[in-house]
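# below are the sequence and a predicted model; questions follow.
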Amino acid sequence: MSKENRLQEIARLSGGQQGTESFLVLELKSIADVGLVGLPNAGKSTLLSALSRAQPEIADYAFTTLRPNIGSLTYEDYFSVKVADIPGLIKGARENRGLGHAFLRHIERTKVLTYVLDLAATLNGRKGTPPWEQLHDLVVELEHYQEGLTKRPSLMVANNIDEEGADAMYEELKRRVQVVPIFPVCAILRDLMDASDPQGVDMSKVMVD
């Protein structure tokens, strides 16, 4: 191409038409295989640190976790499960209380729901919520956020079983919640990932006074 033709081509390209501008919002639809769901201070971060090498911040005040912490469980056959510590939910999360919408969106991005319930919330003078009511409140918030979300494969972790009086609370929890069994978390996670007929939470099977 001659110098004159090159100059003409440059002039043509330099005088291009007005372009367009777009704003794109990209959303990650999956963050982990398993989501640890519970009220603030239910013990989700402690559980994650016990299950994996993750080192989430752990403290005795609410909303210690403001974004999911991810840990990995790797079995002897190299099967790996990613577990996310979801920030704590409170009543009214669906109305964006306690950054509810942001936290609920994280739960939507997991395949298996692990409800972490605090057996000791009302023991020894504590003014917390009984574990079956914790479960009820969590299920209500999840269903209001996205109908059918609690139908995903689910299990429950009864936390603080070592405290005095927790055994009786655990037995009462098993009596009141008759659809999703309570399992030692390390023994059941892989079974839920592979389950052909997983169980979700049916509100009609959760008895609240």
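Arrived safely, thanks for sending.
# what about the longest strand along the chain, distance to the chain center?
Determined from DSSP state E, the single longest strand within the chain is strand 110-118. What separates the centre of strand 110-118 from the centre of its chain is 6 Å, taken as Cα atoms, centre = their mean, to the nearest Å.
# immediately after that strand, which helix or strand?
On the C-terminal side of strand 110-118, the closest following helix or strand by DSSP states H and E is helix 131-145.
# that next one to strand 110-118, inter-axis angle?
150 degrees (axes from the mean of the first three to the mean of the last three Cα atoms, to 10 degrees).
# which strands and helices sit next to helix 131-145?
Using 3 or more Cβ pairs under 8 Å, 6 or more residues apart in numbering; DSSP states H and E, the elements in contact with helix 131-145 are helix 100-108, strand 110-118, helix 166-176. For the C-beta atoms, the positions are set from N, CA and C on the backbone; glycine is no exception.
# repeat that for 6 Å
For helix 131-145, the packing partners by 3 or more Cβ pairs under 6 Å, 6 or more residues apart in numbering; DSSP states H and E come out as strand 110-118, helix 166-176.
# tabulate the ones you listed (JSON lines), appending mean pLDDT, distance to residue 141 and mean neighbour count.
Listed next are those as JSON lines, based on pLDDT from 0 to 100; distance: least, Cβ to Cβ, whole Å; neighbours: other Cβ atoms under 10 Å:
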{"stretch": "strand 110-118", "mean pLDDT": "92", "distance to residue 141": "12", "mean neighbour count": "24"}
{"stretch": "helix 166-176", "mean pLDDT": "91", "distance to residue 141": "19", "mean neighbour count": "15"}
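# ok, which of the ones you listed comes nearest residue 35?
strand 110-118 (3.3 Å; Cβ to Cβ).
# for the residue nearest the centre of the chain, give me its contacts.
In the chain, the residue lying closest to the centroid (Cα atoms, centre = their mean) is residue 35, at 3.3 Å. The contact partners of residue 35, taken as Cβ atoms under 6 Å, 6 or more residues apart in numbering, are 84, 86, 107, 110, 113.
# name the nearest of those relative to residue 146.
Distance to residue 146, by Cβ to Cβ, is smallest for residue 107 among the contacts of residue 35, at 8.6 Å.
# excluding its backbone neighbours, what's nearest the residue nearest to the centre of the chain?
Nearest residue to residue 35 in three dimensions, chain neighbours excluded: residue 110, at 3.3 Å (Cβ to Cβ, 6 or more residues apart in numbering).
# how near is the one you found to residue 34?
Plainly put, residue 110 is 6 Å away from residue 34 if you go by Cβ to Cβ, to the nearest Å.
# same thing with residue 118?
To residue 34, residue 118 is 19 Å away according to Cβ to Cβ.
# same check, this time on residue 43
Applying Cβ to Cβ to residue 43 and residue 34 gives a distance of 15 Å.
# quick one: which of these two has more around it?
More crowded of residue 43 and residue 34, by other Cβ atoms under 10 Å: residue 34, with 25 against 20.
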